[in-house]
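K.L.:
How does the following fold in three dimensions:
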Amino acid sequence: MDRMSLRELAVPIIKAIDSFNYLLKSHHRRTAVAAYHIANKMGLGNEDMFELVVAAGIHDIGALSIQERDMLVQVDVANPAPHCTMGHRMLASFYPFKNIAQIIKHHHISYQDSMHMNAGEVLFQSHIIHLADRVDVLINPDSFILNQKKQVVETINAKTGMTFHPKVVEAFNEVSKADIFWIEINNLDIDQLFRRLDVSVDFELTIDNIIDFALTLSRIIDFRSRFTASHSYTVAHLSSLFGEYFGFSEEKCKKLLVSGYLHDIGKIGIDPGLIEKKEPLSNEEYNLIKLHAYYTGQILKELSLSPWFGEIVEWAEKHHEKIDGMGYPYALKELDIDNGSKIIAFSDVISALLEERPYRKAMPIDVAFNIIREKIAPSISCSMFQVIELHKKEINNLVKKCHNHTFEEYRLDNELGTNLWAPS
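P.N.:
The predicted structure follows:
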């Protein structure tokens, strides 16, 4: 595998969250720019600065519903704990993001409340992101930004020592005097911002790191609905297993695992209300859902600059193509669809049929396989499905294992007193 750093993996995802997220477009980038300027004024160390910018770039990934989006754009967030806790849980298992997850966990904590926390519980970067986040919320996108400086600064200062850390406010007051602070909130892109950071603190990733990171990203989508909470996890593990059936190398099976985790990342641009809908989708709604395959390709396209990621991206973005040219988004024919994409496609449909949906119960595997054999396999590959069907018992056991793994996390959430996966 070609070497890849955490920055090379994180930057495309940060850009994607802002570009495709139908909830909070550009908010993460803008918050990251403001946080960087404030932290730079305070002389934050290189490693702390790197973690700050990454955390700011994804700080609201736990805000999964329209209701939470509407809440977050208020100046005073009434109940930020659910999305902060969810963001922390989504990221904490990825070791390089240990501190980043902790920063996100407390990025809405008030200065007064932090005084009652245990030492070391609230990382200082949380206070910086809290203020930077509110600065962006206070900016009216319909008015010229330089005309709003005085009003935004006054509003922030009114909450010094209560909502915001006094030292962060002091640094904000200094840095916000220059027009460049405000101009770059509107204009500095995330690539340019990361080029200002010391790359020596970057983290070189192994294949196992990348697998863990892909799993982390899959939760951005899967945790939006209890009906899909285990979907990408199941698709990933089925795909890796199917790779073994078809003689893929160990490395290629790991690529299938990553591609399975990432295949639905494009759903970040889709209203989760469509996933939760109890009635059949209209043609218009189905067309919106279909966009996710295109979005997946666009989100991951920068990763395909690495040769190792090329197949992963191709398999993920083509998992809804059909050999008769009736798939989406590219209407490809059989010669343009390789076996990796077909494996992801079969894993996707098997996982979906064996999961509960708002409009139906989970299907028994015999029923699901009959449907696939008669109606779906002819548009993907009948010969491949014949091989897959020989392993029906093993597949059913793996799907159950994947579901149990997911529902164990759900049980832990309930024990913590936070039903984070409840429908919006």
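
K.L.:
what about residue 350, neighbour count?
P.N.:
The tally of other residues near residue 350 (other CB atoms under 10 Å) stands at 26. Glycine gets a C-beta too; all of them are placed from N, C-alpha and C.

K.L.:
brain fart, residue 253
P.N.:
Residue 253: 17 neighbours (other CB under 10 Å).

K.L.:
In the helix or strand where it lies, which residues are buried?
P.N.:
Using DSSP states H and E, the element containing residue 253 is helix 250-262. Buried residues in helix 250-262, counting neighbours by 16 or more other CB atoms under 10 Å, are found at 252-262.

K.L.:
by contact count, what packs against the helix or strand that comes right after it?
P.N.:
Later in the chain than helix 250-262, the nearest helix or strand by DSSP H and E is helix 272-276. The helices and strands touching helix 272-276, judged by 3 or more CB pairs under 8 Å, 6 or more residues apart in numbering; DSSP states H and E, are helix 283-300.

K.L.:
If you count contacts, what does the helix it packs on end up packed against?
P.N.:
Short answer (3+ CB pairs under 8 Å, 6+ apart): helix 283-300 packs on helix 6-20, helix 272-276, helix 307-317.

K.L.:
Rebuild these as JSON lines, extending it with mean pLDDT and distance to residue 298.
P.N.:
Listed next are the helices and strands packed on helix 283-300 as JSON lines, based on pLDDT from 0 to 100; distance: least, CB to CB, whole Å:
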{"stretch": "helix 6-20", "mean pLDDT": "76", "distance to residue 298": "7"}
{"stretch": "helix 272-276", "mean pLDDT": "78", "distance to residue 298": "19"}
{"stretch": "helix 307-317", "mean pLDDT": "91", "distance to residue 298": "8"}
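
K.L.:
Compute the inter-axis angle for the helix or strand that contains residue 39 and helix 6-20.
P.N.:
Element membership for residue 39, per DSSP H and E: helix 27-41. Calculated by axes from the mean of the first three to the mean of the last three CA atoms, to 10 degrees, helix 27-41 forms an angle of 130 degrees with helix 6-20.

K.L.:
Contacts only, for residue 107.
P.N.:
The contact partners of residue 107, by CB atoms under 8 Å, 6 or more residues apart in numbering, come to 55, 59, 84, 126, 129-130, 133.

K.L.:
please redo it, this time with the cut-off set to 7 Å
P.N.:
Neighbouring residues of residue 107 by CB atoms under 7 Å, 6 or more residues apart in numbering: 59, 84, 126, 129-130, 133.

K.L.:
residues near the closest residue to it other than its chain neighbours, how many?
P.N.:
The shortest distance from residue 107 to any non-neighbouring residue, by CB to CB, 6 or more residues apart in numbering, is to residue 129 (4.4 Å). Using other CB under 10 Å, residue 129 is surrounded by 28 other residues.

K.L.:
my read: residue 129 touches residue 35, true?
P.N.:
Yes - if you go by CB atoms under 7 Å, residue 129 and residue 35 touch, sitting 5.4 Å apart.

K.L.:
Could you tell me which residues touch both of those two?
P.N.:
residue 56.

K.L.:
which stretches of this structure have low pLDDT?
P.N.:
1-3, 20-25, 64-79, 304-305, 409-424 (pLDDT under 70).

K.L.:
now the strands for it?
P.N.:
Along the chain, counting by DSSP state E, strands occupy 4-5, 204-205.

K.L.:
Need the contact partners of the first one.
P.N.:
Contacts with strand 4-5, where a contact means CB under 7 Å, 6+ apart, come from 202-205, 306.

K.L.:
Direction included, what does that strand pair up with?
P.N.:
strand 204-205 (antiparallel) (DSSP bridges).

K.L.:
residues making contact with the partner strand?
P.N.:
With CB under 7 Å, 6+ apart, strand 204-205 has contacts from 3-6, 9.

K.L.:
filter the residues you listed to the buried ones?
P.N.:
4, 6, 9.

K.L.:
For these, give me JSON lines that also has distance to residue 103.
P.N.:
Shown next, in JSON lines, are the buried ones among the contacts of strand 204-205 (distance: CB to CB, whole Å):
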{"residue": "4", "distance to residue 103": "23"}
{"residue": "6", "distance to residue 103": "15"}
{"residue": "9", "distance to residue 103": "18"}
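
K.L.:
Can you tell me which of those residues is closest to residue 174?
P.N.:
Relative to residue 174, the closest of these is residue 6; by CB to CB it sits at 30.6 Å.

K.L.:
List the contacts of the closest residue to that closest one other than its chain neighbours.
P.N.:
Excluding its sequence neighbours, the residue lying closest to residue 6 (CB to CB, 6+ apart) is residue 203, at 3.9 Å. Residue 203 makes contact with 5-6, 96, according to CB under 7 Å, 6+ apart.

K.L.:
could I get those residues as CSV with distance to residue 280?
P.N.:
CSV is the format used below for these (distance: CB to CB, whole Å):
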residue, distance to residue 280
5, 45
6, 43
96, 43
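
K.L.:
Need the distance between the two termini of stretch 333-342.
P.N.:
In stretch 333-342, first residue to last residue: 12 Å (CA to CA, to the nearest Å).

K.L.:
for that stretch, which positions count as buried?
P.N.:
337, 339-342.

K.L.:
from the residues you listed, which ones fall inside helices?
P.N.:
With DSSP state H as the criterion, helices contain 339-342 from among the buried residues of stretch 333-342.

K.L.:
Between those, which sits nearest residue 327?
P.N.:
Closest to residue 327, out of all of these and judged by CB to CB, is residue 341, at 9.7 Å.

K.L.:
quick one: the closest one and residue 321 touch, right?
P.N.:
Yes - counting by CB under 7 Å, residue 321 is a contact partner of residue 341 at 6.4 Å.

K.L.:
Can you check which residues contact both of these two?
P.N.:
Contacts common to residue 341 and residue 321, judged by CB under 7 Å, 6+ apart, are absent.

K.L.:
gap between residue 107 and residue 408?
P.N.:
Using CB to CB, to the nearest Å, one obtains 27 Å as the distance from residue 107 to residue 408.

K.L.:
Quick check: chain neighbours aside, which residue is closest to the residue most central in space within the chain?
P.N.:
Nearest to the geometric centre of the chain sits residue 220, at 3.6 Å (CA atoms, centre = their mean). Among residues not flanking residue 220 along the chain, residue 61 sits closest, at 5.4 Å (CB to CB, 6+ apart).
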